[in-house]
Structure formats: C-alpha cells, structure tokens
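# Sequence and computational prediction follow.
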Amino acid sequence: MASGKSVVGQELALKLNYDFIDLDTYIESEDNRNISEIFKDSGEIYFRTLESKCLKQLISNADNTVLALGGGTPCYGDNLDSILKNEKCITIYLQASLPTLVKRLKNEKSTRPIIAKIKSEEALLEFIGKHLFERSAFYNRAQIKITTDNESMDAIIEKIIFKLF
C-alpha cells in the first residue's frame, strides 16, 4: 500500500508499450462497487475471494500487460503461488521504507478502507509496520526488488527495465 504500484505500473506499461491493469480498478468494475463499498457492505473475506478470482482470470489471459496488485494480494490464499507458477508473470516488489509509506498514506486514509479508521500518525506507523513485518515473507519472494525511497519515477522505471532485460 502506497509503494507506487499503480503510478509506476502505468508508466512502466507506457514505456514498454504494454497494457496496464490495476487489480483494484478491475475488481471494482467486476463488482460494480468501489473497494470501500465492497469492504463495508460485504467484508474483507468476500473482497479477498473476489480479488483471487479476478487475479487468476487476469494472469491466465493477459499477455504484454503490467498488472498492479493490491498490497495484500500476494498474502492471501494461493495468490502468490499462482503468480509465481505462471511462466508469463514476472513479479516486482516496489520496496518503500516505513517513514515513506506513512508520509504517503497519512492523507489518503479515506480512500483506503483498511486504514480508514486509524486516527493518529503513531497508530498508522504501528499498523503499517506490523503489516510490513507480516507481509515481508511474501513480498520478498518477488523476482525483482526495487527500492523506491528518494528515487524519481524515471529512475525507478530505468531500474525495472534494466532488471527485466
């Protein structure tokens, strides 16, 4: 969450002349509700089930596509194994530090249901730190890891393209 997956993904797709799909946007179009409404009305388990279904549809059919996942996507069910077993998929972890993530997220809470109810910056720091710790085993299985702190968009894209080719 807030590592730059969607923004970097769009720019990478443009540079590679690939299609770009944001998984959350795709889920919203499939369910005819935004992510906040899905969480509020149907709960996280429903969302994660739908997310997994949509992910598997996309990775089985999409060629020459940059797919930006949600921060929790690789951590639920067999999502990460499905991605890693697919020979057409290359996984990229955009790694941002805890202070960078807090800085980016503190003003975006209303659009992110998983952190919407967190009141203070200290609580946000603790929440993100806990999630990074819990999710790091999944994230670190990515084939490519790019540190994004204090890097320009062009520098991040250049690093990714260098590692891809």
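Structure received.
# Low-confidence bits of this protein, can you list those?
Counting by pLDDT under 70, the chain contains no low-confidence residues.
# Do you have the helices of it handy? List them.
5-16, 23-31, 35-61, 79-85, 98-105, 121-139, 153-164 (DSSP state H).
# Columns mean neighbour count and distance to I114 on top of those, output as a markdown table?
Placement of C-beta: from N, CA and C, glycine included. Converted to a markdown table, the helices of the chain look like this (neighbours: other C-beta atoms under 10 Å; distance: least, C-beta to C-beta, whole Å):
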| stretch | mean neighbour count | distance to I114 |
| --- | --- | --- |
| helix 5-16 | 18 | 15 |
| helix 23-31 | 16 | 12 |
| helix 35-61 | 15 | 8 |
| helix 79-85 | 16 | 16 |
| helix 98-105 | 16 | 10 |
| helix 121-139 | 14 | 8 |
| helix 153-164 | 14 | 24 |
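# for those, which one sits closest to L69?
Ranking those by their distance to L69 (criterion: C-beta to C-beta) puts helix 23-31 first, at 5.1 Å.
# From the rest of the structure, what touches that closest one?
With C-beta atoms under 8 Å, 6 or more residues apart in numbering as the test, helix 23-31 has contacts from 34-35, 38, 47, 50-51, 54-55, 58, 67-70, 73.
# can you redo the residues you listed as a markdown table with distance to F138?
Listed next are the contacts of helix 23-31 as a markdown table, based on distance: C-beta to C-beta, whole Å:
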| residue | distance to F138 |
| --- | --- |
| N34 | 25 |
| I35 | 20 |
| I38 | 22 |
| F47 | 17 |
| L50 | 19 |
| E51 | 14 |
| C54 | 18 |
| L55 | 14 |
| L58 | 18 |
| L67 | 16 |
| A68 | 16 |
| L69 | 11 |
| G70 | 12 |
| T73 | 9 |
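# Tell me the one of the residues you listed nearest E108?
Distance to E108, by C-beta to C-beta, is smallest for I35 among the contacts of helix 23-31, at 12.6 Å.
# these two touch, right, the closest one and I114?
No. Using C-beta atoms under 8 Å, I35 and I114 do not qualify as a contacting pair, with a distance of 9.3 Å.
# C-alpha coordinates for stretch 115-123, PDB please?
The C-alpha coordinates for stretch 115-123 follow below in PDB (Å, rounded to 0.1, in the frame of the first residue of the first chain):
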ATOM      1  CA  ILE A 115      -6.600   2.200   7.300                       C
ATOM      2  CA  ALA A 116      -9.700   4.500   7.200                       C
ATOM      3  CA  LYS A 117     -10.400   4.200  11.000                       C
ATOM      4  CA  ILE A 118      -6.800   4.800  12.100                       C
ATOM      5  CA  LYS A 119      -6.800   8.200  13.900                       C
ATOM      6  CA  SER A 120      -3.200   9.200  14.700                       C
ATOM      7  CA  GLU A 121       0.100   9.100  12.800                       C
ATOM      8  CA  GLU A 122       1.600   7.000  15.500                       C
ATOM      9  CA  ALA A 123      -1.100   4.400  15.200                       C
END
